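**Student:** predicted coordinates and the sequence they were generated for:
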Amino acid sequence: MTGDRDTIFALSSGRPPAAIAVVRVSGPRAREALERLIGRVPQPRRASFAHVRNPATHDVIDEGLALWFPAPNSATGEDVAELHVHGGRAVIAAVLSALANLPGLRHAEAGEFTRRTFENGRMDLTAVEGLADLVSAETEAQRRQAYQQLRGLLGDRAESWRQRLIEALALVEAGIDFSDEEDVPKDMMSRALGLIRPLGEEISKAGAGHGERLREGLRVAIAGPPNAGKSTLFNRLARREAAIVSPFPGTTRDVLELHLDLRGYPVTVLDTAGIRETKDQIEREGVRRASEQAGSADLVLWVVDATTIDWPNFSVRSALTCAPNAVTWLVINKMDLLTEEEKRTVESRFIKDEAVNLCSSTTGAGVDKLVNVLSGFVEHFFTPEAALVTRERQRAHVKETVLELERARGAAQEGREEIMAEHLRLATRALGKLLGRIDVENVLDVIFRDFCIGK
């Protein structure tokens, strides 16, 4: 990105056409841009009706609202102007073209408005990550978690930890520097330990959640032998023909994904190839991928054909050894092909077994019940408490902080005050990296790469 002194502009609302479009300008020439396009600068933070003109021709482009937010009391901390105009493509193109022709103005890059907000101290890095997650949130639970991060759930807590660490470090350094002074209290080290011991426990507990999983979603793999009805079940869950269904074994070769919102929580369902021995090289690759997905999934739905089961010798335990590292449920499919007597026998046998689900993916019978059971599993999988840590980057810095605090305590027990102070400094530095105070340039490039233009 180019220097911060540039004045940037972009469409900050959704893709046209739309009822209203918001064009945002940020930087030292934002005031001049307003003067050139609407002929004046409105009162700060008040919407003002205006005709938007092309500065080169003085032709009216559109009429709408203009807003002015002088620095530092703006979203980015710089002078910011907004034009709210009609959301037609031609209107937007004309306004953006007029701005582009003004000296010192350029189109904003992805995430550049938010980057300036961060660089001007209006937002810490955890809030920036929360904003990115809020923009991409697809479920209610993801929205709640992202908004809490945006509002400072982790950032405020981390700043509190950092201040307490600085206080402990000050006590240790005072004890070292003035150890020979008679009027300096002799309990500096014990007071510092009294601060960092509960602090270490608090930070460690904060990093124990799994907020990243809510961002990524629960992964459910539909697996099993060929022709068990896996793709039909996948289509039934998708409520559309998402997967090819064929009576011939080995039709599914690649892994298909379906994203569901179950009671506000994100779930990714994977349709995998039928697992069997095969000489077909392409199908064998599909089987390998299916086994890999089943092994890494949070839940495996092992689908079997009710008409092919040897019922007298059937064992649920042996059927559920397909994915030993994941929770596995047995889905007995094609129940509609059994006789009424066979259905009653099977139902009575498994009525109390929560790991067994009976359904017909063709008729839909039992599928709603399966979805309800799955929804309950999802609710219990995700903790109801708000997760403080929601990204792997955050977790790494939290772990680093806890480790340095443990080392500081160890040094204190050995009477090595200088080493203790150094570990406290490193712990404080780790929290600084968490908040984006230091060593963030590479991290920023990764985070803002996923932002849209105008954000």
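**Tutor:** Received the coordinates, thanks.
**Student:** now do the residue nearest the centre of the chain against residue 54, distance only.
**Tutor:** For the chain, the residue nearest the mean C-alpha position is residue 215 (3.5 Å; Cα atoms, centre = their mean). Distance of residue 215 to residue 54, given as Cβ to Cβ, to the nearest Å: 44 Å. All C-beta atoms are positioned from the backbone trio N, CA, C, and that covers glycine.
**Student:** output the below-cut-off pLDDT ranges for this structure.
**Tutor:** 1-4, 178-186, 241-254, 273-295, 319-325 (pLDDT under 70).
**Student:** please enumerate the strands of it.
**Tutor:** Using DSSP state E, the strands of the chain run over residues 7-11, 18-26, 48-53, 60-69, 80-87, 105-107, 218-223, 256-262, 265-271, 299-305, 327-333, 356-358.
**Student:** so which of those is nearest residue 453?
**Tutor:** Nearest to residue 453 among the strands of the chain is strand 7-11; the distance by Cβ to Cβ comes to 5.1 Å.
**Student:** what strands line up against the closest one, and which way round?
**Tutor:** strand 18-26 (antiparallel), strand 105-107 (parallel) (DSSP bridges).
**Student:** what does that strand rub up against?
**Tutor:** 21-30, 33, 92, 96, 99-100, 104-109, 112-113, 116, 453-454 (Cβ atoms under 8 Å, 6 or more residues apart in numbering).
**Student:** same thing with stretch 40-60?
**Tutor:** With Cβ under 8 Å, 6+ apart as the criterion, stretch 40-60 contacts 31, 34-39, 61-70, 73, 83-85, 94-95, 98, 101-102.
**Student:** nearest to residue 397, out of the strands paired with strand 7-11?
**Tutor:** Short answer: strand 18-26, nearest of the strands paired with strand 7-11 by Cβ to Cβ, at 29.3 Å.
**Student:** what comes up buried for that closest one?
**Tutor:** Neighbour-count burial for strand 18-26 flags 21, 22, 23, 24, 25, 26 (criterion: 16 or more other Cβ atoms under 10 Å).
**Student:** got the contact list for it?
**Tutor:** 7-13, 33-34, 64, 74-76, 78-88, 91-92, 95-96, 99, 105, 108, 113, 116, 454.
**Student:** stretch 386-399 now?
**Tutor:** 126, 129-130, 133, 144-146, 148-149, 153-154, 157, 203, 206-207, 209-212, 214-215, 430-431, 433-434, 443.
**Student:** thinking again about what came up before, do I have it right that the residue nearest to the centre of the chain meets residue 130?
**Tutor:** No: using Cβ atoms under 8 Å, residue 215 makes no contact with residue 130, being 10.6 Å away.
**Student:** what sits against residue 161?
**Tutor:** 199, 202, 203, 401, 431.
**Student:** and residue 382, which of the strands of the chain is closest to it?
**Tutor:** Of all the strands of the chain, strand 265-271 comes closest under Cβ to Cβ, at 5.6 Å.
**Student:** that closest one pairs with which strands?
**Tutor:** Strands adjacent to strand 265-271 in the sheet, as given by DSSP bridges, are strand 218-223 (parallel), strand 256-262 (antiparallel).
**Student:** buried set for stretch 414-427?
**Tutor:** 417, 420, 421, 422, 423, 424, 425, 426, 427.
**Student:** which of those residues fall in helices?
**Tutor:** Counting by DSSP state H, these place 417, 420, 421, 422, 423, 424, 425, 426, 427 in helices.
**Student:** wait, the second one sits on residue 412?
**Tutor:** Yes: with contact defined as Cβ under 8 Å, residue 420 and residue 412 form a contacting pair (4.8 Å).
**Student:** which neighbours do these two have in common?
**Tutor:** Common neighbours of residue 420 and residue 412 (Cβ under 8 Å, 6+ apart) are 189, 192.
**Student:** and the helices in the stretch 251-400 of the chain, which stretches?
**Tutor:** Applying DSSP state H, counting those that start in this stretch to the stretch 251-400 of the chain gives helices spanning 281-296, 316-319, 340-350, 367-381, 392-413.
**Student:** what's the most buried one of those?
**Tutor:** Of all the helices of the stretch 251-400 of the chain, helix 392-413 has the most neighbours on average by mean count of other Cβ atoms under 10 Å, namely a mean of 19.
**Student:** pull the CA atoms of that one into PDB?
**Tutor:** C-alpha atoms of helix 392-413 as PDB (Å, rounded to 0.1, in the frame of the first residue of the first chain):
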ATOM      1  CA  GLU A 392      -5.000 -19.300  15.800                       C
ATOM      2  CA  ARG A 393      -2.900 -16.100  15.800                       C
ATOM      3  CA  GLN A 394      -4.500 -14.900  19.000                       C
ATOM      4  CA  ARG A 395      -4.200 -18.400  20.700                       C
ATOM      5  CA  ALA A 396      -0.400 -18.400  19.800                       C
ATOM      6  CA  HIS A 397       0.200 -15.100  21.600                       C
ATOM      7  CA  VAL A 398      -2.000 -16.200  24.600                       C
ATOM      8  CA  LYS A 399       0.000 -19.400  24.900                       C
ATOM      9  CA  GLU A 400       3.300 -17.400  24.600                       C
ATOM     10  CA  THR A 401       2.100 -15.100  27.400                       C
ATOM     11  CA  VAL A 402       1.200 -18.000  29.700                       C
ATOM     12  CA  LEU A 403       4.600 -19.700  29.000                       C
ATOM     13  CA  GLU A 404       6.600 -16.600  29.900                       C
ATOM     14  CA  LEU A 405       4.600 -16.100  33.100                       C
ATOM     15  CA  GLU A 406       5.400 -19.700  34.100                       C
ATOM     16  CA  ARG A 407       9.100 -19.100  33.400                       C
ATOM     17  CA  ALA A 408       8.900 -15.800  35.400                       C
ATOM     18  CA  ARG A 409       7.500 -17.700  38.400                       C
ATOM     19  CA  GLY A 410      10.200 -20.400  38.000                       C
ATOM     20  CA  ALA A 411      12.900 -17.700  38.000                       C
ATOM     21  CA  ALA A 412      11.400 -16.100  41.100                       C
ATOM     22  CA  GLN A 413      11.500 -19.400  43.000                       C
END
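**Student:** domain assignment for the protein?
**Tutor:** Domain ranges of the chain: 7-123, 128-209+391-436, 220-382, per the TED database.
**Student:** relative to residue 448, which of these is closest?
**Tutor:** The nearest among these, by Cβ to Cβ, is domain 7-123 at 3.2 Å.
**Student:** what about that closest one, start to end distance?
**Tutor:** Terminal residues of domain 7-123 are spaced 20 Å apart (Cα to Cα, to the nearest Å).
**Student:** return the distance of it from the chain's centre.
**Tutor:** 29 Å (Cα atoms, centre = their mean, to the nearest Å).
**Student:** also stretch 439-453?
**Tutor:** In this view, stretch 439-453 has its centroid 14 Å away from the chain centroid, taken as Cα atoms, centre = their mean.
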